[in-house]
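Student: Just a sequence and a predicted model for now, questions to come.
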Amino acid sequence: MADFIDEVMGWDPSAVVFNEPENRPYDSNVYKTNPKDSKSESGNYLSKVRVIYNPFNPKDSIVHQATYFLKSADGGLLVRSRLGNIGIDPDAKNDILFKTWKKLWFSGVESEKERAKALFDKTESDYVLVQILEDENKPDLVGKFMAMKLPKAIKAKLEAKMKPSKESKKSPYPAMDYVIGLELNMEVVPGPDDPAHPERKQREISYDLCEFGDYAPIIQTDGTPLFDEEQLELIDSYVTAIKDSTGAKTEAKRKAAANQLEALRPQLRPLYEIAFNYVKENAFDIREDQGWKEWDEQTTKRVNQWIEIVLAGKNPENITYEDFKQGNPIVEAGAAAIATPTIIEEDPVEDFGTKADDLPF
């Protein structure tokens, strides 16, 4: 724990990995801010949250997730893909669904490419750990630690705080810090009311009005403060010193603030211990919760059956696996190719008539 606190208290927030990229089933662990649940007069979903570091690995605080939704006559199936681990797992491209898609896409046959486009419904998202600070729409969630899908608009603003461009001349700020991190004011706007296209109200939800505000220490899970008034005064002095150490108008004030930071740092350490222990005890590992996991036996079976139908040239949405097996037995080579999630060997790129640079990675 000591090493963790030392790292976080003096940590460069730009070290968090900002990867470049719809969960259909309901996940009770994911915080939803859909305007359809809004209780405000404007119809916008208003709340306040804290995006926080993963207490089990701060560098792994933004988890990239790739999913495939397999439409099937046997029932739709949403599965997480190993592609979500691109950049951290050398075997991520060996995902069986991706490799099957690639067989069709690079087959050199236009009709197969169209099938690949129609059958493989893939989405990619980023997830972070949040604590709910205020939410009049769902007051029972206040204080809870949850996973939240990170919209592109908010991700860009978070990155601008923690990893600003050199051109901005701004200093990185630890917006996800447990003690001095920033509150995120959510204002989620529904899409337009379009009688001709009512689906736009849900499809065109906007997060552009969401903004990071002032610092806000984490709170307890019952919604009450974790720190007392004296501790909050200390935190406030520390944050003021941070701002003045880089933003004060004169060199003398910046130097005085830097000296004050050094003096306050030992006093802040016990508060970081309190916060870290509280988060680790009450939250969870966002990687374990939202990252890729090995499929269980039943999921593996369903995926293999779906692929078997696809490789036979049919649409799994139009035929059950039982009917398919009874009326259209797969050829031996195709059956062997989908026996397990990892048995398909990597095909040489030239077999698909393309170059490595043409692949989507």
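Tutor: Received it, and whenever you're ready, just let me know what you need.

Student: Scan this structure for its longest strand.
Tutor: strand 121-134 (DSSP state E).

Student: what's the following helix or strand after that strand?
Tutor: The helix or strand immediately downstream of strand 121-134 is strand 145-149, counting by DSSP states H and E.

Student: buried stuff in whichever helix or strand comes after that next one?
Tutor: Where DSSP H and E defines the elements, the next helix or strand beyond strand 145-149 is helix 152-162. Neighbour-count burial for helix 152-162, counted by 16 or more other CB atoms under 10 Å, picks out 154-155, 157-162. From N, CA and C alone the C-beta is placed, and that goes for glycine too.

Student: Distance from the chain centre to helix 152-162, please.
Tutor: On the basis of CA atoms, centre = their mean, to the nearest Å, helix 152-162 sits 13 Å off its chain's mean C-alpha point.

Student: Ignoring the adjacent residues along the chain, who's closest to the residue nearest the centre of the chain?
Tutor: The centroid of the chain falls nearest to residue 127 when counting by CA atoms, centre = their mean (1.6 Å). In space, residue 127 comes closest to residue 290 once its chain neighbours are excluded; the distance is 4.1 Å by CB to CB, 6 or more residues apart in numbering.

Student: per-residue pLDDT, that neighbour?
Tutor: Per-residue confidence at residue 290 stands at 96 (pLDDT).

Student: I'd guessed it sits against residue 147; true?
Tutor: Yes. Look at residue 290 against residue 147 with CB atoms under 8 Å: they come within range, at 5.3 Å.

Student: The two: which is more packed in?
Tutor: Summary of the neighbour comparison: residue 290 and residue 147, criterion other CB atoms under 10 Å, with residue 290 having more neighbours (26 against 20).

Student: Next, give phi and psi for the more buried one.
Tutor: The phi/psi pair for residue 290 (degrees, to the nearest 10) reads phi -120, psi -10.

Student: so what's it up against?
Tutor: Neighbour list for residue 290: 63, 65, 127, 147 [criterion: CB atoms under 8 Å, 6 or more residues apart in numbering].

Student: do residue 189 as well
Tutor: Residue 189 sits next to 35, 44, 205-209 when contact means CB under 8 Å, 6+ apart.

Student: who's it bridged to?
Tutor: Beta-bridge partners for residue 189, by DSSP bridges, are residue 206.

Student: Start at 26, not 1
Tutor: Understood, numbering begins at 26; the last thing we discussed is residue 214.

Student: Please report how far it lies from residue 57.
Tutor: 15 Å (CB to CB, to the nearest Å).

Student: what ranges of the chain fall below the confidence cut-off?
Tutor: 26-30, 32-33, 35-37, 39-51, 353-386 (pLDDT under 70).

Student: can you map out the strands along it?
Tutor: For the chain, applying DSSP E gives strands covering 70-77, 88-95, 102-106, 146-159, 170-174, 207-213, 236-240.

Student: can you list those strands in TSV and add distance to residue 124?
Tutor: Below are the strands of the chain laid out as TSV (distance: least, CB to CB, whole Å):
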stretch	distance to residue 124
strand 70-77	34
strand 88-95	12
strand 102-106	11
strand 146-159	13
strand 170-174	26
strand 207-213	37
strand 236-240	40
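
Student: Nearest to residue 120, out of the ones you listed?
Tutor: In terms of CB to CB, the element of the strands of the chain nearest to residue 120 is strand 102-106, at 5.0 Å.

Student: re earlier: pick the one among the buried residues of helix 177-187 closest to residue 96.
Tutor: Using CB to CB, these come closest to residue 96 at residue 180, 28.7 Å.

Student: Okay, helices next: where are they in the protein?
Tutor: Assigned by DSSP state H, the helices in the chain fall at 27-34, 121-130, 135-144, 177-187, 225-228, 254-272, 276-307, 311-315, 322-336, 346-352, 357-362.

Student: quick one on the thing from earlier: got any residues that touch both of residue 315 and residue 172?
Tutor: Joint contacts of residue 315 and residue 172 (CB under 8 Å, 6+ apart) are residue 152.

Student: which residues touch the closest residue to residue 186 other than its chain neighbours?
Tutor: With sequence-adjacent residues excluded and distances taken as CB to CB, 6+ apart, residue 186 is closest to residue 200, at 4.3 Å. Taking CB under 8 Å, 6+ apart, we find residue 200 in contact with 38, 76, 183, 186-187, 206-207, 237.

Student: Return the member of those residues nearest to residue 330.
Tutor: Ranked by distance to residue 330 (CB to CB), the contacts of residue 200 are led by residue 76 at 39.3 Å.

Student: Show me the beta-bridge partners of that closest one.
Tutor: residue 155.

Student: list the contacts for it?
Tutor: Going by CB under 8 Å, 6+ apart, the list of residues near residue 76 reads 153-155, 173, 175, 183, 200-201, 206, 209.

Student: In those, which residue is surrounded by the most others?
Tutor: Highest count within the contacts of residue 76 by other CB under 10 Å belongs to residue 154, 28 neighbours.
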